[in-house]
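>>> Next input, structure requested:
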Amino acid sequence: MCHDIADLFTKSYNWIFDRNKKKLNITDVRNIWKTVLMSQLLSLFICGTAVTSQYLAEKYHTDTPMLQSFINYSLVLLVYTTALVFRTGHDSIWQILKLRWWKYILLGLADVEANYMIVKAYQYTSITSVQLLDCCGIPVLMALSWFILHARYKLIHFLAVGICVVGVATMVIADSFTAREDNKGSDVVLGDVLVLLAASLYAISNVCEEYIVKNVSRVEFLGMLGLFGTIISGLQLAIVEHKEIARIQWNWKIALLFTAFSLCMFGLYSFMPVVIKLTSATSVNLGILTADLYSLFFGLFLFSYSFSSLYIVSFLIIMVGFIMYCSTPTESAEPTTVPEPSSSTGLDNAALKLEENDSETPTVTIQTPRGETEVVSTN
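Next up, the predicted model:
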């Protein structure tokens, strides 16, 4: 049955884009669905952090976003920074700090403040504003990828992003119909500014993450983020949240919620570099737009949310836009000697394609100055 669905998707795609001679085969479709499944796992991690945070805030009146972030960064430090400590030579933590310490301080600052601002924004503005304005991070991310990562987009990529935004707008409309929008905010302008700043900082962090995991290593990225994220969030925690922490009435349920949040966040931080390395930061951010919908579905049981069929429509629209984006190749402005996939799954799914071709005859794709390509066997 899965094979029949993949074959139907392939025929439909090839029929729609036949004028541009863009053909997908079954392997390409499998790679696309791998990307979809991995991105939805990230969405579930985000959903877990959102649900546990809301449960802490509503049930136990505990609002400590910086403490929660500090615990997460401490876990990342414990696992990945420790791994860097035991490295020797050029990849040792001492060499990394000597050469790039200030870059990772800026990266850690951007990531910590993005997490803090997006949580604080809910205190000042509405859920609708957060959901809509958070999408502004995607154009920022694409612009940064254009200039920093030299990604080049086609018309269908912009159409796919537009479709995803329509899906988010549909979700916002559903919120208004179900009266889930119960917080109008105390300072809408401040809240909206915080969302825009957080979205921009997330875009900067994700572009840096893509560059590091594809050109350096995932362990170095997470190790340095854990180190400086722990220091920055610890300092900010001592300054802005010490009173809130002192008021927490600790019991096993609160401890369990903190643990669940930390594990979900640690899973997100550990797995996202893997997905970004195989795809791209832009495609991952499009895929995780469904996280709010997963949070809503859990909220139906935990927080007595009302259901609307528009939520299903929103999910389908977002997934259509996401699949459109992943199914069409992005290009690079810089010539590369890395083997390219023979079909048009594009740079976003190139790593997935290469993994499946490891057993085939090795070839090297050479790009000439005139833009022509030649495939040479290395046997």
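>>> Tell me where this protein has strands.
Assignment of strands within the chain using DSSP state E yields the ranges 151-152, 331-332, 363-367, 373-377.
>>> Give me the nearest residue to residue 248, chain neighbours excluded.
residue 62 (5.6 Å; C-beta to C-beta, 6 or more residues apart in numbering). Just so you know, the C-beta spots here come from the backbone N, C-alpha and C atoms, and that holds for glycine as well.
>>> Mind pulling up the pLDDT for the nearest residue to residue 114 once chain neighbours are set aside?
Spatial nearest neighbour of residue 114, excluding adjacent residues (C-beta to C-beta, 6+ apart): residue 201 at 3.7 Å. Residue 201 carries a pLDDT value of 95.
>>> so residue 201 touches residue 117, yeah?
Yes: between residue 201 and residue 117 there is a contact under C-beta atoms under 8 Å: 7.2 Å.
>>> ok, back up a step: quick one, what contacts the residue nearest to residue 248?
Contacts for residue 62 (C-beta atoms under 8 Å, 6 or more residues apart in numbering) come out as 56, 244, 248, 254.
>>> How about residue 323?
Taking C-beta under 8 Å, 6+ apart as the definition, contacts of residue 323 comprise 32, 36.
>>> and it, how far is that from residue 174?
Distance, residue 323 to residue 174, using C-beta to C-beta, to the nearest Å: 21 Å.
>>> hmm, back to that, quick one: which of the contacts of residue 62 is most hemmed in?
For the contacts of residue 62, the largest number of neighbours (other C-beta atoms under 10 Å) sits with residue 56, at 22 neighbours.
>>> now it: how far from residue 261?
From residue 56 to residue 261 the distance is 8 Å (C-beta to C-beta).
>>> Could you check the pLDDT of residue 231?
For residue 231, the model assigns a pLDDT of 97.
>>> and the gap between it and residue 99?
Taken as C-beta to C-beta, the span from residue 231 to residue 99 is 19 Å.
>>> So which of those two has more stuff around it?
Between residue 231 and residue 99, counting by other C-beta under 10 Å, residue 231 is the more crowded of the two (16 against 10).
>>> Now for the more buried one: which residues touch it?
Taking C-beta under 8 Å, 6+ apart, one finds residue 108 in contact with residue 231.
>>> Go again with 10 Å.
Going by C-beta atoms under 10 Å, 6 or more residues apart in numbering, residue 231 touches 70, 73, 77, 105, 108, 112.
>>> Show me the shaky parts of the stretch 51-200 of the chain.
126-128, 178-186 (pLDDT under 70).
>>> Which residue ranges of it form helices?
65-76, 82-85, 93-121, 127-133, 137-148, 155-178, 188-215 (DSSP state H, counting those that start in this stretch).
>>> cool, the stretch 201-350 of the chain as well?
218-240, 242-246, 252-278, 281-287, 291-302, 309-327, 350-356.
>>> Can you give me the buried ones in the fifth one?
Neighbour counts using 16 or more other C-beta atoms under 10 Å place 291, 292, 293, 294, 295, 296, 298, 299 of helix 291-302 among the buried residues.
>>> Output those as TSV; include the columns pLDDT and distance to residue 152.
Formatted as TSV, the buried residues of helix 291-302 follow (pLDDT from 0 to 100; distance: C-beta to C-beta, whole Å):
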residue	pLDDT	distance to residue 152
291	89	28
292	84	30
293	86	31
294	89	32
295	84	34
296	82	36
298	83	39
299	80	40
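>>> Make CSV from the residues you listed and add distance to residue 306 to it.
Formatted as CSV, these follow (distance: C-beta to C-beta, whole Å):
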residue, distance to residue 306
291, 20
292, 15
293, 14
294, 17
295, 14
296, 10
298, 14
299, 10
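>>> Residue 187: which of those is nearest?
Distance to residue 187 across the buried residues of helix 291-302 (C-beta to C-beta) is lowest for residue 292, with 22.5 Å.
>>> My guess is that closest one contacts residue 54. True?
No: applying C-beta atoms under 10 Å as the test, residue 292 and residue 54 come out as separate, 11.8 Å apart.
>>> Low-confidence stretches in the stretch 251-379 of the chain?
Ranges of the stretch 251-379 of the chain meeting pLDDT under 70: 334-379.
>>> For residue 91, list the residues it contacts.
Shown in contact with residue 91 (C-beta under 10 Å, 6+ apart): 84, 216, 217, 219, 220.
>>> Please report how far it lies from residue 135.
Taking C-beta to C-beta as the measure, residue 91 falls 37 Å from residue 135.
>>> intersection of neighbour lists for residue 292 and residue 54?
Contacts common to residue 292 and residue 54, judged by C-beta under 10 Å, 6+ apart, are residue 299.
>>> Could I get the contacting residues of residue 187?
By C-beta under 10 Å, 6+ apart, the contact set of residue 187 is 123, 124, 125, 193, 194.
>>> can you redo these as CSV with neighbour count?
As requested, the contacts of residue 187 are exported to CSV (neighbours: other C-beta atoms under 10 Å):
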residue, neighbour count
123, 15
124, 20
125, 24
193, 16
194, 23
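>>> Tell me the one of these nearest residue 206?
Relative to residue 206, the closest of the contacts of residue 187 is residue 194; by C-beta to C-beta it sits at 18.4 Å.
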